[in-house]
Structures are given as structure tokens and as C-alpha cells.
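curious how this folds, go ahead:
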Amino acid sequence: MKTAQVAVFFIFVEINFMFQVLAQINKLVLPSFTKQQLDMAKAKKWQLAIIAWRYYVTIRAIDKH
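Next up is the predicted model:
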């Protein structure tokens, strides 16, 4: 691999690791609306924001590209 490719690879690994740690923190700190059986149609804006944030972090934590 060329130097630039190696640098990009390591940056990706560090970012992926950061999102994995952030996902674990979210799991511990943020409420689980699935366990509370939240109806998405009746969810408040702050609840939707938390759901969107958890989705964003989770998708990036499991991204393997």
C-alpha cells in the first residue's frame, strides 16, 4: 500500500473505533424506547432526536467498509 492509502485506512479505523465506543456510551446513558414500547407516531421531538442520534452512531459503529 502507498503511504496515503495506509494513512486513510488508519484514520478510518480510528473513527470506527470512536463510534463503537460512542455506541456503548449511548447504550448505557440514553433511554431505550424499544423497552418502553414507544409509539413512533406519538413520540415527542426530543425522543425522535435521540432515536435518530442512536441510529446514526450505530450505523457508523457497524460499518465495515
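
who's in contact with the most centrally placed residue in the chain?
The residue at the geometric middle of the chain, judged as the C-alpha nearest the mean C-alpha position with Cα atoms, centre = their mean, is Val57 (1.1 Å). Contact partners of Val57, counting by Cβ atoms under 8 Å, 6 or more residues apart in numbering, are 19, 22-23, 26. From N, CA and C alone the C-beta is placed, and that goes for glycine too.

how about 10 Å then?
Counting by Cβ atoms under 10 Å, 6 or more residues apart in numbering, Val57 touches 18-27, 30.

ok, Ala49 next?
Residues touching Ala49, when contacts are defined by Cβ under 10 Å, 6+ apart, comprise Ala43.

can you give me the strands for this protein?
Chain-ordered strands for the chain, with DSSP state E as the definition, do not occur.

so in it, which helix runs the longest?
helix 3-29 (DSSP state H).

tell me the pLDDT of the residue nearest to Asp63 when sequence neighbours are not counted.
In space, Asp63 comes closest to Asn16 once its chain neighbours are excluded; the distance is 6.6 Å by Cβ to Cβ, 6 or more residues apart in numbering. Predicted confidence (pLDDT) at Asn16: the value is 85.
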